[in-house]
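J.: Dropping the sequence and predicted coords here.
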Amino acid sequence: GAVVSQHPSRVICKSGTSVKIECRSLDFQATTMFWYRQFPKKSLMLMATSNEGSKATYEQGVEKDKFLINHASLTLSTLTVTSAHPEDSSFYICSASRGGSTGELFFGEGSRLTVL
Amino acid sequence: EDKVVQSPLSLVVHEGDTVTLNCSYEVTNFRSLLWYKQEKKAPTFLFMLTSSGIEKKSGRLSSILDKKELFSILNITATQTGDSAIYLCAVESYSGGGADGLTFGKGTHLIIQP
């Protein structure tokens, strides 16, 4: 149980286009979803926290107009990279929480974005 | 389908004890195994392991990978209450164009009691 799926796993796009990445909790309702970006030395940076039905909370330094996050239902959150540039190329990962006090998170498989 | 299994799922020990956390995996096109400490805003990177038998060490934490038996362990010696966290194991796989997949285990919830 507690599976989180991301789609697409890889995407290549031209500079200036927008790309949408989906994060779905397949067998549970996720009250909160998180979006991360992985950097070359494997560190994960939290970009934003997304709660169903409300606006996402962005971390300092993350442009909310560039990285649009929508959490329209308890099983789906989307990250849209708008007007993508080569420096946006990265590995984006989502995680989902069922709630509760343990802080347990379930991670997606990640999405590799390459902007040409 | 790639799979990462961590054990135990939870562990409660007393301060000063030594703990060993386990991570076994089944992935195609293994690239590396990563350990993270999940706390606060994002998992904190601990180690990346790519070669068997070479121990990586950072202070009281150490980790080693066995690519033949497909597992890794994370050791924490002289545990402190600040070590309480969820420890995540993740495996990177690739399809030739760079790391393309990251599969996380469910984590081990470690609680250190004073």
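T.: Cool, got the structure. Residues are numbered from 1 along each chain as shown, chains lettered A, B, ... in the order given.
J.: average model confidence for stretch A:41-56?
T.: For stretch A:41-56, the mean pLDDT works out to 85.
J.: Work out the gap between that stretch and the centre of the chain.
T.: 6 Å (C-alpha atoms, centre = their mean, to the nearest Å).
J.: Check which residues of that stretch are buried.
T.: Neighbour counts using 16 or more other C-beta atoms under 10 Å in any protein chain shown place A:42, A:44, A:46-50, A:52, A:56 of stretch A:41-56 among the buried residues. All C-beta atoms are positioned from the backbone trio N, CA, C, and that covers glycine.
J.: And stretch B:53-64, by the same measure?
T.: B:56, B:61-64.
J.: Pairing partners for residue A:35 in the sheet, please.
T.: For residue A:35, the beta-bridge assignment (DSSP bridges) gives partners residue A:48, residue A:94.
J.: Test my guess that it contacts residue A:47.
T.: Yes - using C-beta atoms under 8 Å, residue A:35 is in contact with residue A:47, at 4.6 Å.
J.: What is the least confident helix or strand in chain B?
T.: Ranked by mean pLDDT, DSSP states H and E, the helix or strand of chain B with the weakest confidence is strand B:99-104, at a mean of 74.
J.: So for residue A:35 and residue A:47, which residues contact both of them?
T.: A:67, A:79 (C-beta atoms under 8 Å, 6 or more residues apart in numbering or on different chains).
J.: So which residues on chain A come close to chain B?
T.: For chain A, the contact set with chain B under C-beta under 8 Å from any C-beta of the partner chain comprises A:2, A:9-10, A:34, A:36, A:38, A:41-46, A:59, A:91, A:93, A:102-107, A:109-110, A:112.
J.: In strands, which of those residues appear?
T.: Among the residues of chain A next to chain B, DSSP state E puts A:10, A:34, A:36, A:38, A:44-46, A:91, A:93, A:105-107, A:112 in strands.
J.: Now list the buried members of these.
T.: Taking 16+ other C-beta under 10 Å as the criterion, what is buried in those is A:34, A:36, A:38, A:44, A:46, A:91, A:93, A:105-107, A:112.
J.: Format the buried residues of stretch B:53-64 as JSON lines; extra columns: distance to chain A.
T.: Output for the buried residues of stretch B:53-64, formatted as JSON lines (distance: C-beta to the nearest C-beta, whole Å):
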{"residue": "B:56", "distance to chain A": "12"}
{"residue": "B:61", "distance to chain A": "15"}
{"residue": "B:62", "distance to chain A": "17"}
{"residue": "B:63", "distance to chain A": "13"}
{"residue": "B:64", "distance to chain A": "17"}
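J.: Tell me the one of those residues nearest residue B:42?
T.: residue B:61 (18.1 Å; C-beta to C-beta).
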